[in-house]
Structure formats: structure tokens, C-alpha cells
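In: Below is the sequence, then the predicted model.
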Amino acid sequence: MATDINGFLPDSAFQLDVAAQDWKDAIRLAGQGLVNAGFTTDAYTDEMIETVEKMGPYIVIAPGLALAHSRPSDAVLETGLSWVRLSTPVKFGNEANDPVSLVIGLAGRDENEHVSVMSAIAGSLSDAEKTRKLAAAKSPEEIRAILNS
């Protein structure tokens, strides 16, 4: 993989096996991970929710997986990711890929960084074996090791 995920996904960006009431709550959790890691301000979380309200649940990119993001903005301090594994899946309104149990928050300072981090993560998540391992991983270290393998 061209982009090493480690710098973009620190321990503070993870929330494993947490509950969300609905899709907005799930995005708020992903947004909180981005804020905790110093990648964004709270305003970016609102922007991610507004994006889904305007554009629909296109962020649900594979069965069980949502890539929460918005356009680069002043609310993005640094390019990075957050990782939220839900204890109970929630519906985003995407018939083909609901319900969602993994929400990855993506913040890009500019289009190039946004796209390079997105490609790095998409490569791993398109591999069914890796996806299975990620669902069972117990720690941030284990998840990063799987993503980087």
C-alpha cells in the first residue's frame, strides 16, 4: 500500500464496540474520533451529517461499511481517519449495504490528501478476508497491522 495508514489513524481515533442510536449518532462517534485525534473541529462532524442529509446515504460504500466524510474545509486541521465499530449495526437508508457496523471517518485537508487516504483504506476494505479480520480485531494496533498488511 502506498500510504502508510499509521500516522492517519492514532489510538485516540478509535472507538470499538460502541452503541449508536441511529446513523447520525454513528457519524457523531466518527466525528468525535477525528476531534479526539486533533484532525478536525466539531464543525466537521456537522458537515459530515449535512452531506448525508443533502446527498443521501452514498457514504455506505460496501455491506456494513460507511465512509463518513465531507469536503475539505476550514474545520479540517489535518488529514486523518477515525474508526468506529458499532456493537449493534444501524441503518443509513442504503438498501444494498445496510445495516452498518463499521463507520470510518475521513477528513482531508485538500482533495489530493483526501483521495490518497481514501484509496489506501478502500484497498484494504475491498479484501473480504481483511474485512473479516478487521471485524474481529481487538485493538487499534491489530487493526492498523491488518490495514498495513
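Out: Thanks, I have the structure now.
In: Show me what the helix or strand of the chain with the lowest mean pLDDT packs onto, helices and strands only.
Out: One helix or strand of the chain scores below all others by mean pLDDT, DSSP states H and E: helix 111-125, with a mean of 79. Contacts defined by 3 or more Cβ pairs under 8 Å, 6 or more residues apart in numbering; DSSP states H and E place helix 111-125 against strand 60-62, strand 65-69, strand 80-90, strand 100-107, helix 128-136, helix 140-148. For the C-beta atoms, the positions are set from N, CA and C on the backbone; glycine is no exception.
In: Would you mind listing the outside residues contacting that helix?
Out: 1-3, 5, 8, 61-62, 65, 67, 69, 72, 79-81, 104, 106, 108, 130-131, 134, 146-147 (Cβ atoms under 8 Å, 6 or more residues apart in numbering).
In: residues touching residue 25, list them.
Out: Counting by Cβ under 8 Å, 6+ apart, residue 25 has contacts residue 90.
In: re the thing from before, deepest-packed of the helices and strands packed on helix 111-125, please.
Out: strand 100-107 (a mean of 26; mean count of other Cβ atoms under 10 Å).
In: closest to residue 43 out of the helices and strands packed on helix 111-125?
Out: Using Cβ to Cβ as the measure, strand 100-107 is the one of these that comes nearest residue 43, at 11.2 Å.
In: which residues does the residue nearest the centre of the chain bridge with?
Out: Geometric centre of the chain, nearest residue: residue 104, 1.0 Å, by Cα atoms, centre = their mean. On the basis of DSSP bridges, residue 104 takes part in beta bridges with residue 67, residue 83.
In: Quickly note the distance from it to residue 84.
Out: According to Cβ to Cβ, to the nearest Å, residue 104 stands 8 Å off from residue 84.
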